[in-house]
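Q: Just need the structure, nothing else, for what follows:
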Amino acid sequence: MSQIANQEHDKFKVFAGKLDANNGLGELANQVSAFASENKIAAKSIGVEYLESAESLIITLGYRDDEEHYPIKLETVSLGKLDIGDDFSALEQKMSEASQNVSNIICHELFVTEDKDFLMVFMTHQ
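A: Coordinates of the predicted model:
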């Protein structure tokens with residue numbers, strides 16, 4: 001039986017910052033996890049947008065504050081530089097491969113840097 005109602009949410013928190021030297025979230029990942037822990041929220045979704053002009057990343061965290069808290073972590077996995085054109089099968093394959101090394105995935109996001117580096121962000125529960 002579906003439990004989709006548990007995923008529904010209407011609260012959001014915004015985080016912004018620079019990527020680390022490896023195009024990872026760096027300190028941003030820690031800020032998101034700390035917010036969830038300190039505020040005892042149940043994280044439900046993330047949004048990720050890379051702003052090329054500012055070389056900055058915006059992360060949105062969707063959550064509920066009316067259910068039990070669980071710790072979360074954000075992990076970034078590089079998919080490499082891809083030329084996808086109109087065929088997304090290579091990207092889909094890379095995404096599937098990346099998920100094999102990450103446990104307890106709640107949700108994911110994809111972003112692309114100005115250098116055409118494709119990166120996956122996974123939100124996981126700990």
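
Q: can you list the weak-confidence ranges in this structure?
A: 1-2 (pLDDT under 70).

Q: show me where it has helices.
A: Ranges of helices in the chain, per DSSP state H, are 27-38, 89-99.

Q: who are the neighbours in contact with S45?
A: Residues in contact with S45 (CB atoms under 8 Å, 6 or more residues apart in numbering) are 7, 9, 61-62, 106-107, 123. Yep, even glycine has a C-beta here, placed from its N, CA and C like the rest.

Q: Greatest separation within those residues: which pair is it?
A: Farthest-apart pair in these is Q7 and L61; separation 14.0 Å (CB to CB).

Q: since we're on G26, how many residues are nearby?
A: Using other CB atoms under 10 Å, G26 has 16 other residues around it.

Q: Measure how buried the residue nearest to it when sequence neighbours are not counted is and give me the count.
A: Nearest residue to G26 in three dimensions, chain neighbours excluded: D20, at 3.2 Å (CB to CB, 6 or more residues apart in numbering). If you count neighbours by other CB under 10 Å, D20 ends up with 13.

Q: Noted, bye for now.
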